[in-house]
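Undergrad: need a 3D model of the following:
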Amino acid sequence: MPSPIETLIAFSRLPGVGSGLYWQVVEAHSSFQLFVDSDSAAWSQFLSAEAAQQFREFIDNPAVSKLAQTVRLDVEWCEKNNIRLLSGADPLYPSLLKECHRSPPLLYVKGDPQSLSLPQIAMVGSRKPSSTGRRNAQDFASSLAASGFAITSGLALGIDGLAHSGALEVNGITVAVLGTGIDIIYPHRHNSLANAIVENGGAIVSEFPLGTLPRPAHFPQRNRIISGLACGVLVVEAAIRSGSLITARYALAQDREVFAIPGSIHNQMSAGCHHLIKQGAKLVECCGDIVEEIRGVIAHKVEEMESNEWIKPDENSLHLSELEAKIIDVLGSETLLLDELLAEVQLPIDELLPLLVAMEIRGIILSTGSGYCREMQKKS
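TA: Okay, here's the model as predicted:
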């Protein structure tokens, strides 16, 4: 009997099937497994005759099914190359992405899957940026990564690659989302960059089956994952008609923050950013503008804590850095003012504040309005 993961791989490899069709069958049958267990007549409403036949052979007679052979090779390749397969039922599947409408049913992850659940800022922009755009991409990525955010982008030429590189320059975590199979790095010249991302504790991610080649339709689909993983999206430099604005629209639909860097009115690559700002995106001039805005996004936790009964989380499972552990130790069971924390931790405020924001996003501490305390978890 095929495993749930193998069944998902098989379904994704059927002709004419994608994540959109997966969610159509889930919505019609309450769960994917109920669809799998239904008869061929139910399948025919969603699958072509060829796809239904392939899927029936896979389910009923996997020993001779060509599709089952392909799936077994896929699984073996993933095991050999340390690719983690995450379905929505996996505890490592990133919760922010899972909340999104029609999230990917299966993720192929090379690297550390836990990096997908870190507080992230997505950075997108032109494949042919100006010199100012290039500098902004690297500077913002480095500053945000140093502030405790993972940097998420699409590994493309231009702003994407510069954002990944900027994060790596400060030994930060970065996540690359592909519009191809996890076994195909595109563009090829970013192979070494992809390796560096994984080696530095980040991850390469794809929802597409192995061997999937780059096609224009795949990249907008990829963009919804980029925005879905992040707390907010920063558009560095983009034309009016660009994939970056598609990512921004996905971000708005997913209730994410959208930020844009303004530029010269004479630079066509700034026109997209100016358009977003007119539509309500936050104009940013420095990393601190983003950090403060994201800080406001999580302020609603204060009310939730005050109105419910809570217990301490298991801090041993949080993978705290040395500085984070020190902050937790200093807080103890008290609520401390920012000035008191500064005196105890002995960090400059421009270094401590972003760290506190990152810890708050991860659910380690809480800003109560009058100071900071350890975060609590709701009792079951």
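
Undergrad: what is the neighbour count of the residue nearest to Gly172 when sequence neighbours are not counted?
TA: Using C-beta to C-beta, 6 or more residues apart in numbering and skipping residues adjacent in sequence, the residue nearest Gly172 is Ala145, 2.6 Å away. (Glycine included, C-beta is placed from N, CA and C.) Ala145 has 24 neighbours, counted by other C-beta atoms under 10 Å.

Undergrad: what segments of the stretch 251-380 of the chain are helices?
TA: Using DSSP state H, counting those that start in this stretch, the helices assigned to the stretch 251-380 of the chain run over residues 271-278, 287-297, 301-306, 322-331, 338-345, 349-361.

Undergrad: which one of these has the lowest average pLDDT?
TA: Mean pLDDT across the helices of the stretch 251-380 of the chain is lowest at helix 301-306; the value there is a mean of 38.

Undergrad: what's the least confident helix or strand in this protein, going by average pLDDT?
TA: strand 310-311 (a mean of 36; mean pLDDT, DSSP states H and E).

Undergrad: thinking Leu245 is in contact with Ala238, fair?
TA: Yes. Contact criterion C-beta atoms under 8 Å: Leu245 and Ala238 qualify, at 6.2 Å.

Undergrad: need the residues touching each of these two.
TA: Shared contacts of Leu245 and Ala238 (C-beta atoms under 8 Å, 6 or more residues apart in numbering): Gly272.

Undergrad: mind checking which of these two has more residues around it?
TA: Using other C-beta under 10 Å as the criterion, Leu245 and Ala238 rank with Ala238 on top: 33 against 22.

Undergrad: quick one: contacts for the residue nearest the centre of the chain?
TA: Among the residues of the chain, the one closest to the centroid is Leu229, at 2.4 Å (C-alpha atoms, centre = their mean). Residues near Leu229 by C-beta under 8 Å, 6+ apart: Pro94, Leu96, Leu97, Leu116, Gln120, Ala122, Thr152, Val175, Val177, Val205.

Undergrad: what do you get if the cut-off is 10 Å, keeping everything else the same?
TA: Leu229 makes contact with 94, 96-97, 100, 115-118, 120-122, 150, 152, 175, 177, 203, 205, 254, 256, according to C-beta atoms under 10 Å, 6 or more residues apart in numbering.

Undergrad: cool, and Arg56?
TA: Contacts of Arg56 (C-beta under 10 Å, 6+ apart): Asp39, Ser40, Trp43, Leu47, Ser65, Leu67.

Undergrad: element containing the fourth one?
TA: Right, Leu47. Leu47 belongs to no helix or strand when assigned by DSSP states H and E.

Undergrad: enumerate every residue touching it.
TA: Phe11, Leu14, Pro15, Gly16, Val17, Leu21, Val25, Ser40, Gln53, Gln54, Phe55, Arg56.

Undergrad: now do the SS call for the fourth one.
TA: Taken by DSSP: H, G, I helix; E, B strand; the rest coil, the conformation at Gly16 corresponds to coil.

Undergrad: and it, backbone torsions?
TA: phi 80, psi 10 (degrees, to the nearest 10).

Undergrad: so the residue of the chain positioned farthest from its centre: helix, strand or coil?
TA: Residue farthest from the centre of the chain, counting by C-alpha atoms, centre = their mean, is Val64 at 37.7 Å. Per three-state DSSP, the local secondary structure of Val64 is coil.

Undergrad: what do you get for Leu86?
TA: With three-state DSSP as the basis, Leu86 sits in strand.

Undergrad: number of nearby residues for it?
TA: Leu86 - counted by other C-beta under 10 Å - has 22 other residues nearby.
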